[in-house]
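Peer 1: Starting from these lines, generate the structure:
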Amino acid sequence: MSVNFSLVLPCYNEEKNITLICSEFLDLPLENYIAELILVNNGSDDDTQNVAEKEIKNNSSKNVSIKLVNLVNNAGYGGGIAEGLKVAKGDYIGWAHADLQTPMIDFLKLYLRIKD
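Peer 2: Residues are numbered from 1 along each chain as shown. This next block holds a predicted model:
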């Protein structure tokens, strides 16, 4: 089965936001969709990688997956997006900042609007 949509989030020192991001994504009403959240640890020097790995380990679903791409060196926002796009499998792919400025539900609303 193909992935309906992917969301790529470059993360630089976002250890405090990762759990909330994942929780918000997993709380989306995605029963009829297959979706993936791709966190790109963009050379963070905090605990972003470990927090993301913990979230991936503790949150599995048949139709929603969380993936982690680790970059040793910060590739900048655009570079983080590009690395995330390399692993994204969605028919539709989006990206944003991992700073919680955009609610996760907005990405689902956008997907639903453009797919039709």
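Peer 1: so where do the helices sit in the chain?
Peer 2: Applying DSSP state H to the chain gives helices spanning 15-26, 48-58, 76-87, 104-115.
Peer 1: If we go by neighbour counts, what in the third one is buried?
Peer 2: I take that to be helix 76-87. Gly79, Gly80, Ile81, Glu83, Gly84 (16 or more other Cβ atoms under 10 Å). For every residue, glycine as well, the C-beta is placed using N, CA and C.
Peer 1: Need the mean per-residue confidence for that helix.
Peer 2: Across helix 76-87, the average pLDDT comes to 97.
Peer 1: What helices and strands are in contact with that helix?
Peer 2: On a contact count with 3 or more Cβ pairs under 8 Å, 6 or more residues apart in numbering; DSSP states H and E, helix 76-87 meets strand 3-11, strand 35-42, strand 64-71, strand 90-95.
Peer 1: redo that, cut-off 6 Å
Peer 2: Contact analysis of helix 76-87 by 3 or more Cβ pairs under 6 Å, 6 or more residues apart in numbering; DSSP states H and E lists strand 3-11, strand 35-42 as its packing neighbours.
Peer 1: contact partners of that helix?
Peer 2: Val8, Pro10, Ile38, Val40, Asn42, Val69, Trp95 (Cβ atoms under 6 Å, 6 or more residues apart in numbering).
Peer 1: Next one, pLDDT for Ser61 please.
Peer 2: At Ser61, pLDDT is 79.
Peer 1: what about the nearest residue to it once chain neighbours are set aside, distance to Lys86?
Peer 2: With sequence-adjacent residues excluded and distances taken as Cβ to Cβ, 6 or more residues apart in numbering, Ser61 is closest to Leu26, at 6.8 Å. Using Cβ to Cβ, to the nearest Å, we find Leu26 at a distance of 23 Å from Lys86.
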